[in-house]
Every structure is written in C-alpha cells, then in structure tokens.
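>>> Take this sequence and fold it.
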Amino acid sequence: MERIAAVFFYLIRNAYPGGLCFIALLLASCATTKNYSPNNKFGKAELQEDFTLLKNILESKHPSLYWYTPKDSMDMYFSRYYEAIGDSMTEQQFGWKILAPLTDKIHCGHTSFGMSKAYGRWAVNKRFPSFPLFLRIWNDSMVVTGNLNRKDSLIKRGMVLTSINGMRTSEMAQTLFGFMTEDGSANNVNYQRLGNNFPYYHRNIFGLYKNYDITYLDSTGKELRTKIPLYDPAADTLDKRRIRPLVKLTKQQKKARRKERLQNQRSLAIDTANNTAVITLNSFSGGRLRSFFRRSFKKIRKQNIANVVVDLRSNGGGKIGNSTLLTKYVTRQPFKIADSATVMAASLRPYTKYIKGRFLNTIGLSLLSKRKADGRRHFGYWERKTYYPKKSNHFAGALYVLINGASFSASTLFCNDIRGQQGITLVGEEAGGGWHGNTGVMIPDITLPNTRMRVRLPLVRLVQYKHVPQNGLGVMPDVYVPPNYEAFMKGRDKKLQVVMEMIKAKQ
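Down below sits the predicted model:
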C-alpha cells in the first residue's frame, strides 16, 4: 500500500492535462478573450451565488478553515462580506473588495484568489496606471527602490517615505496585509510581496489618484511634503521606446536561454579561498533538481568543501519530494515529513465539477486516506514514513541556510527538519511558511461558475515533524539578520556577508 501511495504522490505532483484537452481549451479561449472586457459587471444575485458556493466548499473541504480563526469569527466574516456585495460589481471589484479580505481571514498562505483565465489573457503585456513608486517597508519606514515616473528628479532610490495620502507606514502595512494571505501571523512574506510590487497592491486595494500626497525625509532627516503624479503608461514615451520587436532566436540562442533559466532556478558557486559552496535554490519545482543535487554534492565531496550555504530566500516551495531529497543530503539524523497529514473528506462531492484536477484528487482522497478516532482522514504514508541521511555524497560539514519571508511551503519543511542539528545554522529572518504546519500539498483551484474567478483550495493539513506549538509563527532563524538600509544602498548582501564572517571567524 505504501508503494502505491508513493506512486500516487509522484503523479499528483507531476500531473498535466493531455495535449488534446489543451488544444480544445486553447481554441475555446480565443473566442472568450476576444469578447472579454474588464468593465463588464455581474449582478448581485450572480455574485451572491458564487460567494455562497465558495463558502460551502471551504466549510466542507478546507482542512484548516478554523485553525487560526474560530468558527464564530469565520461565520461573522462570511456574513460581513456577503452583505458587502454590491448591486453590481466588476471582476476586479469582487476580487479585491470581497474575495481578498475574506481569504486573508483564514490565515492560510495557500488559500488565495485569482482572476479569471479570460482576465489573465486580456491583461497579458498590458501596463496599467498605478501608484508610481516601488517601495520596501522596513520597520517604520518605506524606502524607495524604484520610480516608474522616470522624469521625476526628486524621488530617488533610497529615499525614505513616512506617509502616503496621510497614512503612516505602520498603518499602511497593516491595511494592505488585510488583503494578503499568510500562514498564521507570519506576515514577513507579505513584506516581501510588497517589496516586489508595491504599485500593484496599492492600485488594487486603495484605487487610483491623479496625485499622491507623500511625506519623506530629506538628507538632514527633516520631514517634507510633496505631491507626485499617477504613473500613466499611455503617456510614458520613454516606456514606449523600450519596446523592441520580437526577434526569432537561433537554436544556439534558445539553448543559451534555457541554460540561463536553469541557472536562475538553481545554481552552485564555489569559493575556494573560503572553502565554501553556495547553493541557490529559488524553487523546489523544475530545474532538474535531482540531477543538480547529485552533481553538486558530488563536487562538494570531491573538493573537500567544509562549508555549504543554501540560499532559500526566494524559494516559495514546490515539490515535497525535492525538498525531502535535499534534506537527506544534509541531515544528521532520520526524519519524517509530518507528524500528521489529514484531510476533511474522502471525496470532493458534491462540488466536484467546480474543482480542478478532480480525477487525481478524488483518487488520493478516497484510496490513500483513512478515518481515525479524531474524526479526520489521515495519510498514513507520510505519518509513518521515515527518511534517512544519504550514504552517497552526504554533506556533514558546516551548513548555513539563508531564509526570509519568501521562504515558504516546502522550504519550511526543509528548514524545520534540519533546524537545531549540530553544525546547522539558519540565518536571516522569519520564514513565511508556518512553523507548526501548513495546509497545501494538493492545491486545486475552485472555479466560480458565474465570474469564473478562482480560489486555491489546499486539501491537506500537514503538521510539521516534531512540531512547535501553534503560535502562528514561521520558522525562526538561529541568527537574526534584519533588513539593512546601508547594505541596500551599497548593493551588498548583508545576510550572506554575516555568514561569510562567521565562516572566517571559525577558520
């Protein structure tokens, strides 16, 4: 039975639709996209029908709906956002005014909403008006990292903002977080998301303004006020000049592109002067990781490398099999994936037709889970299976793992299993993935029948192996290295710098 379970979990993590189905969907989508307009509005009855369906599915199939939010509070939120549905709303309005704040209240980082596929096809390669500044929020300040209005000579990289339209930094962050999902209370992942695309979140949550009233600190630390205009891509002639015609690539150029993409997903760099290898992993999916791990740790062994740094600061997770394999290369002791892995029901009925991947998900739920005395259905395979350190090319030297808010999902499983072992140090900031556990593994989309909007539905509650209390935190580092303004301005990697200083001090 356990071998069958292993085969199933491989299939569920690697499944893809057949080619004929893809072609049929592609042909159907062409007509849909041609007639699509983001300004189309849905009637109140249609929106309420979608909302009620979503509520029913979450209540019957989501395994952690009440993990961080008690049932009476969740019932109150369902009622609040149902009543907030307007007489008519666009897809964008329904998503950001209703679905976004609702899914945030679940405090599950894998439960989030998405626009319809038609909207996604319509939005491809389009630029939208928005708040013009890219920002990173550190402590009580917002630091400018980029300005879409390139003609603006006042607001430059590194400038510290203290308010936008009268909203101070802490209030701004907490308001935005009310529309963004996270595991428990581990909002460090949302600081990362805001840093990656602050204009996107500000536009969708606060709307657009012709001008924005901001306060900032000048070179002497004095707070000053000014107005900055909306970024309008239609009027940005510099932006238009950047557009280049598509050029057909040669086979050699395509090969170079593929190699570059692989390097961006994962890479190995060896610093012979400090006897250190740096492995950068930006995902646990794709990247031919099994062969990459094998080659990398073989090279590390042959060159007698004493220190290895694993950088997971951009790793949002992926295939649990790959994170487990990496753990086997570096762990000093046996481990499991989970203390418990449970689901709510043996099938997706009566909502099967609204949920993607219904065939494989139904097989997994019905055949591989078994109800136990606690009333939940358990995946015994993951609860019983013990993994051991690899015998070939195992690394037993000094291991340093770089983490931050973007270290999520499968990255968190890896960090939890190795944390506290001799010779292993986690460096950086609180990870975005829940330390006690998270809900994911099988994560199909719910497609709402009227708006065609999607909500991710994680089906498995996974409580970490040797888990910590359910306190809402992400995996914590052994050595805390917060964001550093000076390092940012000088383009230095402060966290990696701290690790290299630790290695040199030891030598």
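
>>> beta partners of the closest residue to Gly120 other than its chain neighbours?
Of all residues not flanking Gly120 in the chain, Gly114 sits nearest, at 8.0 Å (CB to CB, 6 or more residues apart in numbering). Yep, even glycine has a C-beta here, placed from its N, CA and C like the rest. For Gly114, the beta-bridge partners are Arg454 (DSSP bridges).

>>> quick one: Gly114 and Thr103, what's the gap?
In this view, Gly114 and Thr103 are 10 Å apart by CB to CB, to the nearest Å.

>>> if you count what's nearby, which of those two comes out ahead?
Using other CB atoms under 10 Å as the criterion, Gly114 and Thr103 rank with Thr103 on top: 21 against 15.

>>> can you tell me the average pLDDT over stretch 449-457?
The average pLDDT within stretch 449-457 is 96.

>>> again with stretch 109-129
Mean pLDDT, stretch 109-129: 93.

>>> same check, this time on stretch 485-499
Stretch 485-499 comes out at a mean pLDDT of 91.

>>> before we move on, what about stretch 374-389?
The model assigns stretch 374-389 a mean pLDDT of 88.

>>> Straight-line length of that stretch, end to end?
One end of stretch 374-389 to the other measures 32 Å (CA to CA, to the nearest Å).

>>> what's the spacing between that stretch and its chain's center?
25 Å (CA atoms, centre = their mean, to the nearest Å).

>>> same question, stretch 302-314
From the chain centre to the centre of stretch 302-314 is a distance of 24 Å (CA atoms, centre = their mean).

>>> what's the answer for stretch 228-237, then?
The answer for stretch 228-237 is 30 Å, by CA atoms, centre = their mean.

>>> Could you do stretch 43-54 as well?
The answer for stretch 43-54 is 28 Å, by CA atoms, centre = their mean.

>>> ditto for stretch 389-396
Once both centres are worked out by CA atoms, centre = their mean, stretch 389-396 turns out to sit 30 Å from its chain's centre.

>>> Over to stretch 366-386?
So, by CA atoms, centre = their mean, the centroid of stretch 366-386 is 27 Å from its chain's centroid.

>>> Show me what counts as buried in that stretch.
368-369, 376-383, 385 (16 or more other CB atoms under 10 Å).

>>> In helices, which of those residues fall?
When helices are assigned by DSSP state H, the members of the buried residues of stretch 366-386 inside them are 368, 380-383.

>>> Format the residues you listed as TSV; extra columns: distance to Asn39.
What follows is those, written out as TSV (distance: CB to CB, whole Å):
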residue	distance to Asn39
Leu368	46
Gly380	51
Tyr381	49
Trp382	47
Glu383	50
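
>>> Can you tell me which of these is nearest Tyr212?
Lowest distance from Tyr212 to those (CB to CB) belongs to Trp382, with 49.1 Å.

>>> wait, doesn't the closest one sit right on Asp339?
No. In this structure, Trp382 is not within contact of Asp339 by CB atoms under 8 Å, at 9.5 Å.

>>> Let's test this: mean pLDDT of stretch 333-352, rounded?
90.

>>> For the chain, give me the ranges with low pLDDT.
Low-confidence segments of the chain (pLDDT under 70): 1-34, 236-249, 251, 253-255.

>>> Give me the outermost residue of it relative to its centroid.
Centroid-distance maximum for the chain: Thr220 at 37.9 Å, with CA atoms, centre = their mean.

>>> show me what contacts the residue nearest to Gly120?
Taking CB atoms under 8 Å, 6 or more residues apart in numbering as the criterion, Gly114 is in contact with 120, 445, 453-456.

>>> Tell me how far it lies from Met453.
Look at Gly114 and Met453: by CB to CB, they are 7 Å apart.

>>> go on, Gln507?
As defined by CB to CB, Gln507 lies at a distance of 55 Å from Met453.

>>> same check, this time on Ile424
43 Å.

>>> in the stretch 251-400 of the chain, which spans are strands?
Ranges of strands in the stretch 251-400 of the chain, per DSSP state E, counting those that start in this stretch, are 266-271, 276-281, 307-311, 338-343, 370-371, 377-378, 398-403.

>>> Now render those strands as CSV, adding distance to Asp493.
Below are these laid out as CSV (distance: least, CB to CB, whole Å):
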stretch, distance to Asp493
strand 266-271, 12
strand 276-281, 10
strand 307-311, 9
strand 338-343, 33
strand 370-371, 47
strand 377-378, 42
strand 398-403, 9
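
>>> just so I know, which of those lies nearest Met159?
strand 398-403 (27.6 Å).

>>> what lines up beside the closest one in the sheet?
strand 307-311 (parallel), strand 424-428 (parallel).

>>> okay, the next helix or strand after the last one in PDB with CA atoms only?
So the one you mean is strand 424-428. Per DSSP states H and E, the first helix or strand lying C-terminal to strand 424-428 is strand 437-440. What follows is strand 437-440, C-alpha atoms only, in PDB (Å, rounded to 0.1, in the frame of the first residue of the first chain):
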ATOM      1  CA  GLY A 437       2.400  23.300  10.000                       C
ATOM      2  CA  ASN A 438       0.600  24.500   6.900                       C
ATOM      3  CA  THR A 439      -2.200  23.500   4.600                       C
ATOM      4  CA  GLY A 440      -1.300  22.500   1.000                       C
END
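
>>> Thanks a lot, see you next time.
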